[in-house]
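1. Test case, fold it:
(chains A and B)
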Protein chains: 2
Amino acid sequence: MRYAVLGTGTVGRTIAGKLASLGHEVAVGTRAPEATRARTEPDAHGNPPLTQWLAERPGVRLLPFAGAAAFGEALVNTTSGTASLAALAAAGRDHLAGKILMDIANPLDFSAGMPPSLDPVNTDSLGEQIQRAFPETKVVKTLNTMTALVMVEPSRVPGPHHVFVSGDDADAKEFVTGRLVEFGWPGESVIDLGDITTARGTEMLLPLWLRLWGALGHADFNFHVQGAPTGA
Amino acid sequence: MRYAVLGTGTVGRTIAGKLASLGHEVAVGTRAPEATRARTEPDAHGNPPLTQWLAERPGVRLLPFAGAAAFGEALVNTTSGTASLAALAAAGRDHLAGKILMDIANPLDFSAGMPPSLDPVNTDSLGEQIQRAFPETKVVKTLNTMTALVMVEPSRVPGPHHVFVSGDDADAKEFVTGRLVEFGWPGESVIDLGDITTARGTEMLLPLWLRLWGALGHADFNFHVQGAPTGA
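-> Residues are numbered from 1 along each chain as shown, chains lettered A, B, ... in the order given. As a prediction, the model looks like this:
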(Lines give C-alpha, C1' and ligand atoms only; values in the text may rest on other atoms or scores of the structure.)
Protein backbone atom coordinates (compact mmCIF):
# COMPACT_ATOMS: atom_id res chain seq x y z
CA MET A 1 0.00 0.00 0.00
CA ARG A 2 1.12 3.54 -0.74
CA TYR A 3 1.52 5.98 2.15
CA ALA A 4 2.17 9.70 2.23
CA VAL A 5 3.89 10.94 5.36
CA LEU A 6 3.60 14.71 5.57
CA GLY A 7 6.48 16.24 7.51
CA THR A 8 10.22 15.59 7.62
CA GLY A 9 10.92 15.97 11.36
CA THR A 10 11.67 13.25 13.88
CA VAL A 11 8.15 11.84 13.86
CA GLY A 12 7.86 11.94 10.07
CA ARG A 13 11.16 10.16 9.57
CA THR A 14 10.34 7.58 12.22
CA ILE A 15 6.92 6.75 10.78
CA ALA A 16 8.09 6.85 7.15
CA GLY A 17 11.08 4.67 7.94
CA LYS A 18 8.91 2.13 9.73
CA LEU A 19 6.34 1.98 6.94
CA ALA A 20 9.12 1.50 4.37
CA SER A 21 10.76 -1.21 6.47
CA LEU A 22 7.42 -3.02 6.54
CA GLY A 23 7.43 -3.12 2.74
CA HIS A 24 5.01 -0.27 2.05
CA GLU A 25 5.62 2.32 -0.64
CA VAL A 26 6.25 5.66 1.04
CA ALA A 27 6.41 9.26 -0.11
CA VAL A 28 7.48 11.92 2.36
CA GLY A 29 5.84 15.26 1.74
CA THR A 30 7.43 18.62 2.45
CA ARG A 31 6.82 22.22 1.41
CA ALA A 32 9.85 22.69 -0.83
CA PRO A 33 11.74 19.45 -1.58
CA GLU A 34 14.61 21.14 -3.43
CA ALA A 35 15.28 23.48 -0.51
CA THR A 36 15.08 20.50 1.85
CA ARG A 37 17.53 18.53 -0.30
CA ALA A 38 19.91 21.50 -0.45
CA ARG A 39 20.35 21.56 3.35
CA THR A 40 23.59 20.06 4.57
CA GLU A 41 23.40 21.04 8.24
CA PRO A 42 21.41 19.37 11.02
CA ASP A 43 17.99 20.98 11.56
CA ALA A 44 16.97 23.00 14.63
CA HIS A 45 16.26 19.77 16.53
CA GLY A 46 19.64 18.25 15.69
CA ASN A 47 18.29 15.85 13.07
CA PRO A 48 20.85 15.08 10.35
CA PRO A 49 20.10 16.51 6.89
CA LEU A 50 17.20 14.72 5.23
CA THR A 51 19.34 13.89 2.19
CA GLN A 52 21.43 11.60 4.37
CA TRP A 53 18.29 9.92 5.75
CA LEU A 54 16.91 9.51 2.22
CA ALA A 55 20.21 8.12 0.91
CA GLU A 56 19.88 5.28 3.42
CA ARG A 57 16.29 4.58 2.27
CA PRO A 58 16.40 4.57 -1.54
CA GLY A 59 12.76 3.43 -1.78
CA VAL A 60 11.39 6.50 -0.05
CA ARG A 61 10.43 9.42 -2.27
CA LEU A 62 10.61 13.09 -1.24
CA LEU A 63 7.85 15.09 -2.88
CA PRO A 64 6.01 18.38 -2.43
CA PHE A 65 3.00 18.08 -0.10
CA ALA A 66 0.61 17.86 -3.07
CA GLY A 67 2.64 15.24 -4.91
CA ALA A 68 2.98 13.10 -1.80
CA ALA A 69 -0.71 13.38 -1.01
CA ALA A 70 -1.63 12.41 -4.56
CA PHE A 71 0.70 9.40 -4.29
CA GLY A 72 -0.59 8.16 -0.95
CA GLU A 73 -3.61 5.91 -0.60
CA ALA A 74 -3.47 6.74 3.11
CA LEU A 75 -1.82 9.72 4.76
CA VAL A 76 -0.02 10.50 7.99
CA ASN A 77 0.23 14.04 9.36
CA THR A 78 3.48 14.54 11.25
CA THR A 79 3.91 18.24 10.55
CA SER A 80 4.23 20.57 13.52
CA GLY A 81 0.81 21.31 14.95
CA THR A 82 0.91 25.02 14.27
CA ALA A 83 1.69 24.31 10.58
CA SER A 84 -0.59 21.34 9.98
CA LEU A 85 -3.62 23.09 8.49
CA ALA A 86 -1.42 25.03 6.04
CA ALA A 87 0.48 21.88 5.11
CA LEU A 88 -2.73 19.95 4.49
CA ALA A 89 -4.14 22.83 2.44
CA ALA A 90 -0.97 22.72 0.34
CA ALA A 91 -1.43 18.95 0.01
CA GLY A 92 -4.77 19.69 -1.60
CA ARG A 93 -8.31 18.86 -0.60
CA ASP A 94 -8.81 16.66 -3.69
CA HIS A 95 -5.75 14.59 -2.87
CA LEU A 96 -7.03 14.01 0.65
CA ALA A 97 -10.68 13.33 -0.19
CA GLY A 98 -11.92 9.84 0.60
CA LYS A 99 -8.63 8.85 2.23
CA ILE A 100 -7.70 8.00 5.79
CA LEU A 101 -5.44 10.50 7.55
CA MET A 102 -3.58 9.45 10.69
CA ASP A 103 -3.04 12.68 12.59
CA ILE A 104 -0.07 12.49 14.99
CA ALA A 105 0.49 16.24 15.40
CA ASN A 106 -0.03 18.20 18.60
CA PRO A 107 -0.99 21.89 18.49
CA LEU A 108 1.94 23.03 20.62
CA ASP A 109 3.11 26.60 20.24
CA PHE A 110 6.77 27.00 21.21
CA SER A 111 6.94 30.68 20.17
CA ALA A 112 6.93 31.91 23.78
CA GLY A 113 9.57 29.38 24.87
CA MET A 114 9.28 26.35 27.14
CA PRO A 115 6.93 24.98 28.23
CA PRO A 116 4.89 25.39 25.04
CA SER A 117 1.22 26.37 25.04
CA LEU A 118 -1.45 24.11 23.61
CA ASP A 119 -3.94 25.80 21.31
CA PRO A 120 -6.78 24.96 20.79
CA VAL A 121 -7.92 23.40 24.07
CA ASN A 122 -11.16 22.43 25.79
CA THR A 123 -13.76 23.11 23.10
CA ASP A 124 -11.68 22.15 20.08
CA SER A 125 -8.60 20.21 19.04
CA LEU A 126 -6.25 20.08 16.08
CA GLY A 127 -7.79 16.75 15.12
CA GLU A 128 -11.22 18.37 14.92
CA GLN A 129 -9.88 21.39 13.04
CA ILE A 130 -8.41 19.06 10.42
CA GLN A 131 -11.61 17.00 10.22
CA ARG A 132 -13.70 20.18 9.75
CA ALA A 133 -11.33 21.59 7.13
CA PHE A 134 -11.30 18.29 5.18
CA PRO A 135 -14.75 16.76 5.69
CA GLU A 136 -14.21 14.17 2.96
CA THR A 137 -11.11 12.85 4.71
CA LYS A 138 -11.36 10.28 7.49
CA VAL A 139 -9.22 11.70 10.28
CA VAL A 140 -7.99 9.42 13.05
CA LYS A 141 -5.99 11.00 15.86
CA THR A 142 -3.46 8.56 17.26
CA LEU A 143 0.11 8.09 18.54
CA ASN A 144 0.34 11.74 19.65
CA THR A 145 0.84 10.82 23.32
CA MET A 146 4.36 9.37 23.17
CA THR A 147 7.84 9.91 21.78
CA ALA A 148 8.52 8.95 18.15
CA LEU A 149 10.57 5.81 18.73
CA VAL A 150 7.94 4.32 21.01
CA MET A 151 5.28 4.85 18.31
CA VAL A 152 6.93 2.31 16.02
CA GLU A 153 8.63 0.13 18.64
CA PRO A 154 6.33 -0.05 21.66
CA SER A 155 8.52 -2.74 23.27
CA ARG A 156 11.07 0.00 24.03
CA VAL A 157 8.86 0.64 27.06
CA PRO A 158 8.64 -2.47 29.24
CA GLY A 159 5.25 -3.82 30.23
CA PRO A 160 1.85 -3.15 28.71
CA HIS A 161 0.88 0.40 27.77
CA HIS A 162 -1.73 2.07 25.66
CA VAL A 163 -2.22 4.00 22.44
CA PHE A 164 -5.43 5.94 21.84
CA VAL A 165 -7.51 6.35 18.66
CA SER A 166 -10.09 9.10 18.15
CA GLY A 167 -12.18 9.46 15.01
CA ASP A 168 -15.65 9.64 13.54
CA ASP A 169 -15.28 6.73 11.10
CA ALA A 170 -15.24 3.20 12.54
CA ASP A 171 -13.66 1.66 9.43
CA ALA A 172 -10.89 4.26 9.46
CA LYS A 173 -10.17 3.51 13.12
CA GLU A 174 -10.07 -0.19 12.30
CA PHE A 175 -7.61 0.48 9.48
CA VAL A 176 -5.41 2.60 11.74
CA THR A 177 -5.57 -0.04 14.46
CA GLY A 178 -4.28 -2.51 11.88
CA ARG A 179 -1.31 -0.24 11.20
CA LEU A 180 -0.65 0.06 14.94
CA VAL A 181 -0.62 -3.73 15.22
CA GLU A 182 1.78 -3.79 12.28
CA PHE A 183 3.99 -1.33 14.20
CA GLY A 184 4.12 -3.81 17.09
CA TRP A 185 1.19 -2.75 19.28
CA PRO A 186 -0.79 -5.66 20.73
CA GLY A 187 -4.42 -5.22 19.66
CA GLU A 188 -5.55 -4.90 23.28
CA SER A 189 -3.21 -1.92 23.69
CA VAL A 190 -5.40 0.23 21.45
CA ILE A 191 -8.11 2.20 23.27
CA ASP A 192 -10.86 3.64 21.09
CA LEU A 193 -11.84 6.82 22.94
CA GLY A 194 -14.72 7.66 20.61
CA ASP A 195 -15.29 10.35 18.02
CA ILE A 196 -12.78 12.96 16.90
CA THR A 197 -13.74 15.33 19.73
CA THR A 198 -11.95 12.94 22.08
CA ALA A 199 -8.70 14.17 20.51
CA ARG A 200 -9.06 17.10 22.93
CA GLY A 201 -8.20 14.69 25.72
CA THR A 202 -5.10 13.18 24.13
CA GLU A 203 -3.78 16.54 22.93
CA MET A 204 -4.26 17.99 26.42
CA LEU A 205 -2.14 15.14 27.79
CA LEU A 206 0.95 16.77 26.29
CA PRO A 207 1.67 19.19 29.16
CA LEU A 208 1.84 16.24 31.57
CA TRP A 209 3.92 14.27 29.07
CA LEU A 210 6.41 17.14 28.86
CA ARG A 211 6.65 17.40 32.67
CA LEU A 212 7.15 13.65 33.01
CA TRP A 213 9.90 13.84 30.40
CA GLY A 214 11.57 16.40 32.64
CA ALA A 215 10.96 14.49 35.87
CA LEU A 216 12.08 11.10 34.52
CA GLY A 217 14.95 12.44 32.42
CA HIS A 218 14.11 10.29 29.41
CA ALA A 219 11.32 9.87 26.88
CA ASP A 220 11.02 6.08 26.84
CA PHE A 221 7.82 6.02 28.84
CA ASN A 222 4.15 5.77 28.01
CA PHE A 223 0.79 5.83 29.72
CA HIS A 224 -0.94 2.63 30.71
CA VAL A 225 -4.54 2.86 31.82
CA GLN A 226 -4.81 0.40 34.70
CA GLY A 227 -8.36 -0.83 35.01
CA ALA A 228 -9.03 -0.84 31.24
CA PRO A 229 -9.94 -4.22 29.75
CA THR A 230 -6.75 -6.06 28.88
CA GLY A 231 -8.34 -8.00 26.03
CA ALA A 232 -6.94 -11.30 24.90
CA MET B 1 -2.90 15.05 63.84
CA ARG B 2 -5.72 17.47 63.10
CA TYR B 3 -6.91 17.85 59.51
CA ALA B 4 -9.30 20.29 57.90
CA VAL B 5 -11.01 19.00 54.79
CA LEU B 6 -12.61 21.89 52.93
CA GLY B 7 -15.60 20.76 50.88
CA THR B 8 -18.48 18.37 51.54
CA GLY B 9 -18.82 16.69 48.13
CA THR B 10 -17.81 13.17 47.15
CA VAL B 11 -14.08 13.87 47.34
CA GLY B 12 -14.34 15.73 50.64
CA ARG B 13 -16.36 12.98 52.28
CA THR B 14 -14.05 10.30 50.93
CA ILE B 15 -10.87 11.99 52.16
CA ALA B 16 -12.37 13.08 55.49
CA GLY B 17 -13.76 9.59 56.11
CA LYS B 18 -10.42 7.99 55.34
CA LEU B 19 -8.47 10.36 57.58
CA ALA B 20 -10.94 9.74 60.42
CA SER B 21 -10.76 5.97 59.93
CA LEU B 22 -6.96 6.24 60.24
CA GLY B 23 -7.40 7.82 63.67
CA HIS B 24 -6.82 11.46 62.76
CA GLU B 25 -8.96 14.28 64.10
CA VAL B 26 -10.95 15.74 61.24
CA ALA B 27 -13.01 18.88 60.71
CA VAL B 28 -14.96 19.25 57.49
CA GLY B 29 -15.28 22.86 56.38
CA THR B 30 -18.22 24.27 54.49
CA ARG B 31 -19.63 27.73 53.77
CA ALA B 32 -22.74 27.55 55.94
CA PRO B 33 -22.84 24.53 58.26
CA GLU B 34 -26.35 25.18 59.52
CA ALA B 35 -27.76 25.33 56.00
CA THR B 36 -25.82 22.15 55.17
CA ARG B 37 -27.20 20.40 58.26
CA ALA B 38 -30.73 21.49 57.38
CA ARG B 39 -30.67 19.70 54.04
CA THR B 40 -32.58 16.41 54.00
CA GLU B 41 -32.45 15.65 50.28
CA PRO B 42 -29.55 14.16 48.28
CA ASP B 43 -27.36 16.82 46.66
CA ALA B 44 -27.12 17.51 42.92
CA HIS B 45 -24.66 14.62 42.54
CA GLY B 46 -26.91 12.17 44.38
CA ASN B 47 -24.87 12.17 47.59
CA PRO B 48 -27.03 11.51 50.66
CA PRO B 49 -27.52 14.47 53.03
CA LEU B 50 -24.34 15.30 54.92
CA THR B 51 -26.13 14.94 58.26
CA GLN B 52 -26.54 11.24 57.56
CA TRP B 53 -22.85 10.92 56.67
CA LEU B 54 -21.88 12.84 59.84
CA ALA B 55 -24.17 10.74 62.01
CA GLU B 56 -22.18 7.67 60.96
CA ARG B 57 -18.90 9.42 61.85
CA PRO B 58 -19.44 11.03 65.27
CA GLY B 59 -15.79 12.07 65.54
CA VAL B 60 -15.92 14.31 62.47
CA ARG B 61 -16.82 17.97 63.06
CA LEU B 62 -18.67 20.16 60.58
CA LEU B 63 -17.48 23.76 60.83
CA PRO B 64 -17.48 26.94 58.76
CA PHE B 65 -14.46 27.19 56.45
CA ALA B 66 -12.66 29.51 58.89
CA GLY B 67 -13.32 27.32 61.92
CA ALA B 68 -12.19 24.20 60.11
CA ALA B 69 -9.05 25.90 58.83
CA ALA B 70 -8.22 27.18 62.32
CA PHE B 71 -8.69 23.64 63.66
CA GLY B 72 -6.55 21.88 61.04
CA GLU B 73 -2.79 21.55 61.36
CA ALA B 74 -2.87 20.47 57.71
CA LEU B 75 -5.57 21.18 55.14
CA VAL B 76 -7.12 19.47 52.15
CA ASN B 77 -8.91 21.42 49.42
CA THR B 78 -11.72 19.34 47.91
CA THR B 79 -14.02 22.22 46.99
CA SER B 80 -15.08 22.52 43.36
CA GLY B 81 -12.33 24.13 41.34
CA THR B 82 -14.35 27.18 40.35
CA ALA B 83 -15.13 27.87 44.04
CA SER B 84 -11.77 27.02 45.59
CA LEU B 85 -10.22 30.49 45.77
CA ALA B 86 -13.35 31.92 47.39
CA ALA B 87 -13.55 29.01 49.84
CA LEU B 88 -9.91 29.44 50.81
CA ALA B 89 -10.38 33.19 51.21
CA ALA B 90 -13.30 32.43 53.53
CA ALA B 91 -11.07 29.99 55.41
CA GLY B 92 -8.78 32.91 56.11
CA ARG B 93 -5.20 33.61 55.15
CA ASP B 94 -4.06 33.55 58.78
CA HIS B 95 -5.57 30.11 59.33
CA LEU B 96 -3.73 28.79 56.29
CA ALA B 97 -0.37 30.45 56.89
CA GLY B 98 2.54 28.10 57.54
CA LYS B 99 0.40 25.01 56.93
CA ILE B 100 0.46 22.36 54.25
CA LEU B 101 -2.51 22.34 51.87
CA MET B 102 -3.18 19.26 49.76
CA ASP B 103 -5.03 20.59 46.71
CA ILE B 104 -7.19 17.93 45.03
CA ALA B 105 -9.49 20.28 43.10
CA ASN B 106 -9.62 20.62 39.33
CA PRO B 107 -10.64 23.91 37.72
CA LEU B 108 -13.45 22.38 35.68
CA ASP B 109 -16.28 24.65 34.60
CA PHE B 110 -19.53 22.72 34.01
CA SER B 111 -21.61 25.86 33.36
CA ALA B 112 -21.76 25.21 29.61
CA GLY B 113 -22.64 21.53 30.04
CA MET B 114 -20.60 18.42 29.30
CA PRO B 115 -17.77 18.08 28.65
CA PRO B 116 -16.62 20.79 31.07
CA SER B 117 -13.96 23.35 30.19
CA LEU B 118 -10.72 23.59 32.11
CA ASP B 119 -9.69 27.10 33.13
CA PRO B 120 -6.90 28.10 33.60
CA VAL B 121 -4.75 26.08 31.22
CA ASN B 122 -1.28 26.22 29.69
CA THR B 123 0.29 29.18 31.48
CA ASP B 124 -1.39 28.74 34.85
CA SER B 125 -3.21 26.20 37.01
CA LEU B 126 -5.52 26.23 39.99
CA GLY B 127 -2.66 24.90 42.10
CA GLU B 128 -0.54 27.92 41.16
CA GLN B 129 -3.43 30.34 41.69
CA ILE B 130 -3.85 29.00 45.22
CA GLN B 131 -0.10 29.14 45.90
CA ARG B 132 0.05 32.76 44.67
CA ALA B 133 -3.02 33.78 46.69
CA PHE B 134 -1.63 32.15 49.86
CA PRO B 135 2.15 32.49 49.64
CA GLU B 136 2.65 31.47 53.28
CA THR B 137 0.85 28.16 52.68
CA LYS B 138 2.68 25.14 51.29
CA VAL B 139 0.48 23.94 48.44
CA VAL B 140 0.89 20.39 47.11
CA LYS B 141 -1.26 19.37 44.18
CA THR B 142 -2.05 15.68 44.30
CA LEU B 143 -4.72 12.99 43.82
CA ASN B 144 -6.59 15.14 41.26
CA THR B 145 -6.12 12.60 38.45
CA MET B 146 -8.44 9.83 39.65
CA THR B 147 -11.87 9.12 41.07
CA ALA B 148 -12.42 9.63 44.81
CA LEU B 149 -12.56 6.01 45.92
CA VAL B 150 -9.27 5.20 44.20
CA MET B 151 -7.59 8.09 46.06
CA VAL B 152 -8.02 6.37 49.40
CA GLU B 153 -8.09 2.75 48.21
CA PRO B 154 -5.64 2.43 45.32
CA SER B 155 -5.99 -1.36 45.32
CA ARG B 156 -9.46 -0.89 43.77
CA VAL B 157 -7.49 -0.64 40.52
CA PRO B 158 -5.49 -3.83 39.90
CA GLY B 159 -1.79 -3.59 39.19
CA PRO B 160 0.63 -0.73 39.83
CA HIS B 161 -0.43 2.81 39.01
CA HIS B 162 0.73 6.30 39.85
CA VAL B 163 -0.22 9.39 41.82
CA PHE B 164 1.52 12.70 41.12
CA VAL B 165 2.70 15.41 43.50
CA SER B 166 3.49 18.99 42.45
CA GLY B 167 4.71 21.66 44.83
CA ASP B 168 7.43 24.16 45.65
CA ASP B 169 8.26 22.85 49.13
CA ALA B 170 10.16 19.56 49.39
CA ASP B 171 9.18 18.95 53.02
CA ALA B 172 5.52 19.52 52.21
CA LYS B 173 5.74 17.01 49.35
CA GLU B 174 7.37 14.54 51.71
CA PHE B 175 4.57 15.06 54.24
CA VAL B 176 1.92 14.58 51.57
CA THR B 177 3.70 11.48 50.28
CA GLY B 178 3.49 10.12 53.82
CA ARG B 179 -0.27 10.65 53.80
CA LEU B 180 -0.53 8.91 50.42
CA VAL B 181 1.36 5.93 51.82
CA GLU B 182 -1.03 5.98 54.77
CA PHE B 183 -3.92 5.88 52.26
CA GLY B 184 -2.44 2.71 50.78
CA TRP B 185 -0.18 3.99 47.99
CA PRO B 186 3.15 2.17 47.72
CA GLY B 187 5.92 4.76 48.03
CA GLU B 188 7.18 3.99 44.53
CA SER B 189 3.73 4.88 43.13
CA VAL B 190 4.27 8.56 43.95
CA ILE B 191 5.85 10.60 41.13
CA ASP B 192 7.22 14.00 42.11
CA LEU B 193 6.71 16.08 38.96
CA GLY B 194 8.49 19.13 40.32
CA ASP B 195 7.31 22.56 41.37
CA ILE B 196 3.73 23.76 41.56
CA THR B 197 3.73 24.78 37.88
CA THR B 198 3.67 21.08 37.04
CA ALA B 199 0.07 21.08 38.32
CA ARG B 200 -0.77 22.40 34.83
CA GLY B 201 0.03 18.94 33.51
CA THR B 202 -2.09 16.97 35.95
CA GLU B 203 -5.03 19.36 35.73
CA MET B 204 -4.91 19.17 31.92
CA LEU B 205 -5.16 15.39 32.21
CA LEU B 206 -8.81 15.73 33.22
CA PRO B 207 -10.27 15.94 29.70
CA LEU B 208 -8.65 12.58 28.86
CA TRP B 209 -9.78 11.16 32.20
CA LEU B 210 -13.36 12.17 31.44
CA ARG B 211 -13.23 10.59 27.97
CA LEU B 212 -11.75 7.38 29.36
CA TRP B 213 -14.54 7.29 31.93
CA GLY B 214 -16.97 7.41 29.02
CA ALA B 215 -15.10 4.87 26.90
CA LEU B 216 -14.53 2.35 29.71
CA GLY B 217 -17.92 2.86 31.35
CA HIS B 218 -16.51 2.97 34.88
CA ALA B 219 -14.21 5.15 36.98
CA ASP B 220 -12.08 2.46 38.63
CA PHE B 221 -9.05 3.13 36.47
CA ASN B 222 -5.87 5.13 36.87
CA PHE B 223 -2.81 6.09 34.90
CA HIS B 224 0.39 4.13 35.19
CA VAL B 225 3.51 5.60 33.65
CA GLN B 226 5.31 2.64 32.14
CA GLY B 227 9.03 3.34 31.95
CA ALA B 228 9.13 5.29 35.22
CA PRO B 229 11.42 3.87 37.90
CA THR B 230 9.50 1.28 39.91
CA GLY B 231 11.47 1.97 43.09
CA ALA B 232 11.91 -0.65 45.77
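2. now the strands: where do they sit in chain A?
-> Taking DSSP state E as the criterion, chain A contains strands spanning A:2-6, A:25-30, A:61-64, A:74-77, A:100-103, A:108-109, A:117-118, A:138-142, A:163-167, A:190-194, A:222-226.
3. now those as JSON lines including distance to chain B?
-> No exception for glycine: its C-beta is placed from N, CA and C like everyone else's. Compiled in JSON lines, the strands of chain A are given as follows (distance: least, C-beta to the nearest C-beta, whole Å):
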{"stretch": "strand A:2-6", "distance to chain B": "25"}
{"stretch": "strand A:25-30", "distance to chain B": "28"}
{"stretch": "strand A:61-64", "distance to chain B": "33"}
{"stretch": "strand A:74-77", "distance to chain B": "20"}
{"stretch": "strand A:100-103", "distance to chain B": "16"}
{"stretch": "strand A:108-109", "distance to chain B": "9"}
{"stretch": "strand A:117-118", "distance to chain B": "4"}
{"stretch": "strand A:138-142", "distance to chain B": "12"}
{"stretch": "strand A:163-167", "distance to chain B": "8"}
{"stretch": "strand A:190-194", "distance to chain B": "5"}
{"stretch": "strand A:222-226", "distance to chain B": "4"}
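4. Residue B:201 is nearest to which of these?
-> Between residue B:201 and the strands of chain A, the shortest separation by C-beta to C-beta is 10.8 Å, and it involves strand A:117-118.
5. Determine how far stretch A:78-95 lies from the middle of the whole chain.
-> If you compare the mean C-alpha spot of stretch A:78-95 with that of the full chain, they lie 12 Å apart, counting by C-alpha atoms, centre = their mean, to the nearest Å.
6. does any bit of that stretch sit next to chain B?
-> No - Stretch A:78-95 does not reach chain B (C-beta under 8 Å from any C-beta of the partner chain); its nearest approach is 13.6 Å.
7. Can you give me the separation between the most centrally placed residue in chain A and residue A:9?
-> Geometric centre of chain A, nearest residue: residue A:104, 2.5 Å, by C-alpha atoms, centre = their mean. In this structure, residue A:104 lies at 11 Å from residue A:9, with C-beta to C-beta, to the nearest Å as the measure.
8. Find residues that contact each of these two.
-> By C-beta atoms under 8 Å, 6 or more residues apart in numbering or on different chains, residue A:104 and residue A:9 have these common neighbours: residue A:78.
9. what's the longest helix along chain A packed up against?
-> Of all the segments of type helix in chain A, defined by DSSP state H, the longest one is helix A:170-183. Judged by 3 or more C-beta pairs under 8 Å, 6 or more residues apart in numbering or on different chains; DSSP states H and E, the packing partners of helix A:170-183 are strand A:100-103, strand A:138-142, strand A:163-167, strand A:190-194.
10. sorry, back to before: and the residue nearest to the centre of chain A, its phi and psi?
-> phi -110, psi 0 (degrees, to the nearest 10).
11. Run through the residues that contact it.
-> With contacts defined as C-beta under 8 Å, 6+ apart, the neighbours of residue A:104 are A:11, A:15, A:76-78, A:142-144, A:151.
12. Equivalent analysis for residue A:83, please.
-> Under the criterion of C-beta under 8 Å, 6+ apart, residue A:83 has no neighbours.
13. What does the pLDDT read for it?
-> Model confidence at residue A:83, given as pLDDT, is 97.
14. cool, and residue A:136?
-> Predicted confidence (pLDDT) at residue A:136: the value is 98.
15. hang on, isn't it packed against residue A:97?
-> Yes - when contacts are counted by C-beta atoms under 8 Å, residue A:136 is listed as touching residue A:97 (3.9 Å).
16. what's the span of stretch A:2-22 from first residue to last?
-> For stretch A:2-22, the first and last residues are 12 Å from each other (C-alpha to C-alpha, to the nearest Å).
17. buried stuff in it?
-> Of all the residues in stretch A:2-22, those buried under the rule 16 or more other C-beta atoms under 10 Å in any protein chain shown are A:2-20.
18. Give me the subset of those residues that lies in helices.
-> In this view, those that belong to helices under DSSP H are A:10-20.
19. May I see the residues you listed organised as a markdown table, with pLDDT added?
-> A markdown table is the format used below for these (pLDDT from 0 to 100):
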| residue | pLDDT |
| --- | --- |
| A:10 | 95 |
| A:11 | 97 |
| A:12 | 98 |
| A:13 | 97 |
| A:14 | 98 |
| A:15 | 98 |
| A:16 | 98 |
| A:17 | 98 |
| A:18 | 98 |
| A:19 | 98 |
| A:20 | 98 |
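20. is it possible to export these to CSV including distance to residue B:228?
-> Formatted as CSV, the entries for those read as follows, by distance: C-beta to C-beta, whole Å:
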residue, distance to residue B:228
A:10, 22
A:11, 23
A:12, 28
A:13, 27
A:14, 22
A:15, 25
A:16, 30
A:17, 27
A:18, 25
A:19, 30
A:20, 32
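21. Contacts only, for the nearest residue to residue A:73 once chain neighbours are set aside.
-> Counting by C-beta to C-beta, 6 or more residues apart in numbering or on different chains, the nearest residue to residue A:73 once its immediate chain neighbours are dropped is residue A:2, at 4.8 Å. Residue A:2 is in contact with A:24-27, A:71-74, counting by C-beta under 8 Å, 6+ apart.
22. returning to that earlier point: of the contacts of residue A:104, which pair is most distant in space?
-> Checking the contacts of residue A:104 against each other with C-beta to C-beta, the farthest-apart pair comes out as A:77 and A:151, at 13.3 Å.
23. Looking at the two, which is more packed in?
-> Residue environment comparison for residue A:77 versus residue A:151 gives the larger neighbour count to residue A:77, 30 against 25, counting by other C-beta atoms under 10 Å in any protein chain shown.
24. who does that one bridge with?
-> On the basis of DSSP bridges, residue A:77 takes part in beta bridges with residue A:6, residue A:103.
25. Could you double-check that it lies in contact with residue A:88?
-> Yes - under the criterion of C-beta under 8 Å, residue A:77 lies in contact with residue A:88, with a separation of 6.7 Å.
26. what sits in contact with each of the two?
-> Applying C-beta under 8 Å, 6+ apart, one finds that residue A:77 and residue A:88 are jointly contacted by A:6, A:101, A:130.
27. which residues does the second one contact?
-> Taking C-beta under 8 Å, 6+ apart, we find residue A:101 in contact with A:74-77, A:88, A:130, A:134, A:137-140.
28. now the residues you listed as JSON lines including distance to residue A:206?
-> Formatted as JSON lines, the entries for those read as follows, by distance: C-beta to C-beta, whole Å:
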{"residue": "A:74", "distance to residue A:206": "25"}
{"residue": "A:75", "distance to residue A:206": "22"}
{"residue": "A:76", "distance to residue A:206": "18"}
{"residue": "A:77", "distance to residue A:206": "16"}
{"residue": "A:88", "distance to residue A:206": "20"}
{"residue": "A:130", "distance to residue A:206": "17"}
{"residue": "A:134", "distance to residue A:206": "23"}
{"residue": "A:137", "distance to residue A:206": "23"}
{"residue": "A:138", "distance to residue A:206": "24"}
{"residue": "A:139", "distance to residue A:206": "18"}
{"residue": "A:140", "distance to residue A:206": "18"}
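29. wait, which of those is closest to residue A:155?
-> residue A:76 (21.1 Å).
30. Identify the residues contacting the closest one.
-> Contacts of residue A:76 were listed using C-beta under 8 Å, 6+ apart, and they are A:3-6, A:12, A:15-16, A:19, A:101-102, A:104.
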